[in-house]
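*Asks:* this one's structure only:
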């Protein structure tokens, strides 16, 4: 009896240097064969190895406050599009901004958000 692949969407700003990024790297590397990881990044900055596919929102991190505000809404709509395209079984978020975006677009009546800062 073969298991159907479970799609896990992991939402984090980057895979650059950092603790949450390292956790995502390790988590994706150790997923069983019946799970597929789709990593959604604000921008494609990768410093750690990973297992899975990357979906890039193409909204770089910036200290510019007006751009950060604009990028939040761009990320919101692009993330929603990715959710519709990927139809994940699970969504795991890392970071406050990613968690807020996930909560705003979640269509399920019960929401569990795990944040790792």
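*Replies:* Now that the structure is in, tell me what you want to look at. None of these values were measured; they are calculated from a predicted model.
*Asks:* how about low-confidence regions in the protein?
*Replies:* For the chain, the stretches with pLDDT under 70 are 1-3, 106-117.
*Asks:* and if we set it to 80?
*Replies:* Along the chain, segments meeting pLDDT under 80 span 1-3, 105-117.
*Asks:* just give the number of residues close to the closest residue to residue 16 other than its chain neighbours.
*Replies:* Closest residue in space to residue 16, ignoring its immediate chain neighbours: residue 45 at 4.3 Å, by C-beta to C-beta, 6 or more residues apart in numbering. All C-beta spots, glycine's among them, are computed from the backbone N, C-alpha and C. With neighbours defined by other C-beta atoms under 10 Å, the count for residue 45 comes to 15.
*Asks:* so how far is residue 80 from residue 45?
*Replies:* Residue 45 sits 22 Å away from residue 80, going by C-beta to C-beta, to the nearest Å.
*Asks:* residue 29 now?
*Replies:* Counting by C-beta to C-beta, the gap from residue 29 to residue 80 is 28 Å.
*Asks:* beta partners for the residue nearest the centre of the chain?
*Replies:* Among the residues of the chain, the one closest to the centroid is residue 11, at 1.1 Å (C-alpha atoms, centre = their mean). Counting by DSSP bridges, residue 11 is bridged to residue 40, residue 93.
*Asks:* ok, it - contacts?
*Replies:* Shown in contact with residue 11 (C-beta atoms under 8 Å, 6 or more residues apart in numbering): 40, 79, 91-94, 98, 101-102.
*Asks:* how about 10 Å then?
*Replies:* Neighbour list for residue 11: 24, 38-42, 55, 57, 75, 79, 82-83, 88, 91-95, 97-99, 101-102 [criterion: C-beta atoms under 10 Å, 6 or more residues apart in numbering].
*Asks:* please list the members of those that lie in strands.
*Replies:* If you go by DSSP state E, these have 38-41, 55, 91-93 in strands.
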